[in-house]
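**Q** give me a 3D structure for the following:
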Amino acid sequence: MSVAHTVAVGAIALALGVVLGMALSGGVDPPTDPGRPPEAAADDESPGDPREPSNAAPSERQQRQRVGPSVEVSTLLERAAAAINPPEIPDGDGRIEGTVKTRAGKPVAGVEIQVVVQGSGRVGSRAWNERSLAERFEQIVQADRISEATRRTTVSGPDGRYALAGLPAAPHMVSGSSDDYRVGHSGQHRPYVTPDAVVDLVADPVVTVTLDVAFEDGTEPDQVLVNFTSGGSRMATSWTPSNRTAQFGPGTYKVSAAGGANDELTAEITSVTLVHGEPVAPVTLVLASRPGIAGRLIMPEGAPFVWAAIGAELIGPDTTPESVAAGQQKTNANQHAGYRYTITGLAPGRYLLVAWNFHQGEVLASREVTVGDEMALADLEVAGPNREDYLEIVATAPDGERLSGLRVRLRFAGERRNSSTGTNLIERPDGVVWAKHLTAGNTGGEPGSYYVGVSHASFGTTEVEYRPGPAARAEVAFQTPSFVDVTVIGASVDLLSTGLTVNCTDDGNASVIHGTGNADAEGNARVGPLQPGVAKLTALTRANRRNFILATHEITVRGGDNEARLVLPSLHTIRIECTTPAARAGQSVKLRRRDGDSRTRFSISQRVPATGKLLIRFIPQGKYQVQIGSEKQDITLPGNDLVRF
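**A** So this is what the prediction gives:
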């Protein structure tokens, strides 16, 4: 490493260290008086009631956001970035071309097309989270410099065609933009391709609408969430005084807004119709107080639940906490949000407010609340749990230290019934985790084996068997994590641009996923962290709007880094043509595999477009059944890949 590079890395580390230090502490405190006792300084600030807003002026520490008397953090980062020299990428003779069309096949002119060299990716075989802060910063800067240096743009012509030449032999990212269209790629909006490639883009028409949001007195909020609802779909956009517009596809929408500390302010629902190519009048939303319930869960000391479901129903003759828990969840309360919750849009009346364990339906707390014209404040106090109702889990790192931040899944394997479910966790101060036992609804009351799968972000996933009972306990000892660098053989550029995922699953139970990784533009995926043992690699793609398996390969994962090859079979495209497009448009097309191992069978469901023509891509060879409505046809791949209805 050169002296200049060493200095650059040192500057990066210093700048990032400063940034993280400020993020964690809120700034850099001025020097304290050495003659003043620390408890005297501590008495100057009182936390007060966290629900009450503070009127105190920002401290000098909060206003300065500086390191030392004069050097700003941004200056340190700029100096560090300036010392990084990205690799030179010479021009080449590559070419990327394609067309931009609507889903109905109409060419779209005037779309700006941009291609840039992919400036990020794996460094050797090291995972991102294994790199130091300095290395991460250096890679981000290099990727940005490479993108800027290799950026090429053009505009689609009247026939929708575009072409860019003189491109280097490297993976490129292709994207399109337009004020009147949302431009993307089938399966993925920004595919990575290598010249020479044909990349056709899809343009969906959008309409820009201006939103005017204000309180009843005419003043404007700092920020609100505006919802656009059409049919059963709801889309949201964040409104601020500096960002007053939103883009949505043509159609008729119901528009609403919510704001305030507890979403206690709302605007009456209004309707707007958006027509592509036609101007639309601004939508006015006036925020006013609305009734509802807001509060927080008060957890038992030493045994806090990670989260709980919250619901409320008008009290009737048959209303009970159990009936509310069996109904529709209104919201949830979790550790990250301080166990706070808000339920809005309630008509005035007497309600039964209930918190419950979502997975098993166990009621944790309940109370009656009267809702009037404004938000009612009501907390729920959760009683201490009964140890006999829970499985005690102790998970340790390779050095024996107890781990927190676990994710747990319980599984039952019986003669006739197999079930798997998440569970509400209690994280105790001593590092022990409690997980609610499986119920008779999970097991059917039959004998069988019980397993607990435990996942940790740094060590992966492992599963152990346990015996249920009043004092049930499971001990999970994680080993040093492993990683598998997978090379996917036979993956086309088109498939990789659509998205290819590699999962590592339990060899005996494909539903237990130990790790996952996404293949890059060259077909390489790093899967981990994993626990050593026998496992199965599985290649999946989300093409055709559904995860399905393309190939599997059994491996033995050993400690440290591993390498594996995953060979894809020949993949085919099924072409579907409808002789009466108008009659078939919008109908569901179902594809089912009729042969092979049950764990590799899959089904796909798509909709017939207005053209009546549909492509189902990346399908392995085998026997399939294609169905539209009640009509079915059997096909075999390779062979009769054209199906007419």
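**Q** measure the residue nearest to Thr573 when sequence neighbours are not counted to Leu550 for me?
**A** Nearest non-adjacent residue to Thr573, counting by C-beta to C-beta, 6 or more residues apart in numbering: Arg617, 4.9 Å away. (Each C-beta comes from the backbone N, C-alpha and C, glycine too.) With distances taken as C-beta to C-beta, to the nearest Å, Arg617 is found 11 Å from Leu550.
**Q** which SS class is the residue nearest to Thr573?
**A** Here Arg617 is strand, with the state taken from DSSP: H, G, I helix; E, B strand; the rest coil.
**Q** just checking, it touches Ile576?
**A** No - applying C-beta atoms under 8 Å, one finds Arg617 not in contact with Ile576, separated by 11.6 Å.
**Q** neighbour count for these two, which is higher?
**A** Using other C-beta atoms under 10 Å, the more surrounded residue of Arg617 and Ile576 is Ile576, with 22 against 18.
**Q** which residues touch that one?
**A** Val589, Val608, Lys613, Leu614, Leu615, Ile616, Val626, Ile628, Val643, Arg644, Phe645 (C-beta atoms under 8 Å, 6 or more residues apart in numbering).
**Q** related to what we said a few turns ago, between Arg617 and Leu550, what contacts are shared?
**A** Leu571.
**Q** most neighbours of all the contacts of Ile576, which one?
**A** Within the contacts of Ile576, neighbour counts (other C-beta under 10 Å) peak at Val589, which reaches 23 neighbours.
**Q** quick check, pLDDT for it.
**A** pLDDT, Val589: 83.
**Q** show me what the residue lying closest to Tyr466 once chain neighbours are set aside bridges to in the sheet.
**A** Closest residue in space to Tyr466, ignoring its immediate chain neighbours: Ala474 at 4.2 Å, by C-beta to C-beta, 6+ apart. Judged by DSSP bridges, the bridge partners of Ala474 are Ile393.
**Q** hmm, Tyr390 and Ala474 touching each other?
**A** No - here Ala474 lies out of contact with Tyr390, judged by C-beta under 8 Å, at a distance of 11.1 Å.
**Q** quick one: the strands in the stretch 301-450 of the chain?
**A** 307-314, 331-334, 340-344, 349-356, 363-371, 375-377, 380-381, 390-396, 407-414, 418-422, 425-427, 433-436, 448-456 (DSSP state E, counting those that start in this stretch).
**Q** right, and those - which one's nearest Ala82?
**A** Using C-beta to C-beta as the measure, strand 448-456 is the one of these that comes nearest Ala82, at 39.0 Å.
**Q** show the subsequent helix or strand relative to the closest one.
**A** Using DSSP states H and E, the helix or strand that directly follows strand 448-456 along the chain is strand 460-466.
**Q** and that next one, which residues are buried?
**A** Gly460, Thr461, Thr462, Glu463, Tyr466 (16 or more other C-beta atoms under 10 Å).
**Q** then stretch 331-351?
**A** So stretch 331-351, judged by 16+ other C-beta under 10 Å, has buried residues Asn332, Ala333, Tyr339, Arg340, Tyr341, Thr342, Ile343, Thr344, Leu346, Tyr351.
**Q** now for the residues you listed: which two are most distant?
**A** Based on C-beta to C-beta, the longest span within those runs between Tyr339 and Leu346 and measures 20.2 Å.
**Q** in the stretch 251-400 of the chain, where is pLDDT below threshold?
**A** The stretch 251-400 of the chain contains residues with pLDDT under 70 at 261-263, 303, 359-360.
**Q** sec struct for the nearest residue to Glu138 once chain neighbours are set aside, please.
**A** For Glu138, ignoring the flanking residues on the chain, the nearest one in space by C-beta to C-beta, 6+ apart is Ile84 at 5.6 Å. Here Ile84 is coil, with the state taken from three-state DSSP.
**Q** Ile84 contacts Glu135, correct?
**A** No - using C-beta under 8 Å, Ile84 is not in contact with Glu135, being 11.2 Å away.
**Q** ok, these two, which is more surrounded?
**A** Ile84 (20 against 16).
**Q** for the stretch 201-350 of the chain, which segments are assigned as helices?
**A** For the stretch 201-350 of the chain, helices defined by DSSP state H, counting those that start in this stretch occupy the ranges 321-325.
**Q** ok so, going back, tell me which of the buried residues of strand 460-466 is nearest to Val369?
**A** Using C-beta to C-beta, the buried residues of strand 460-466 come closest to Val369 at Tyr466, 39.8 Å.
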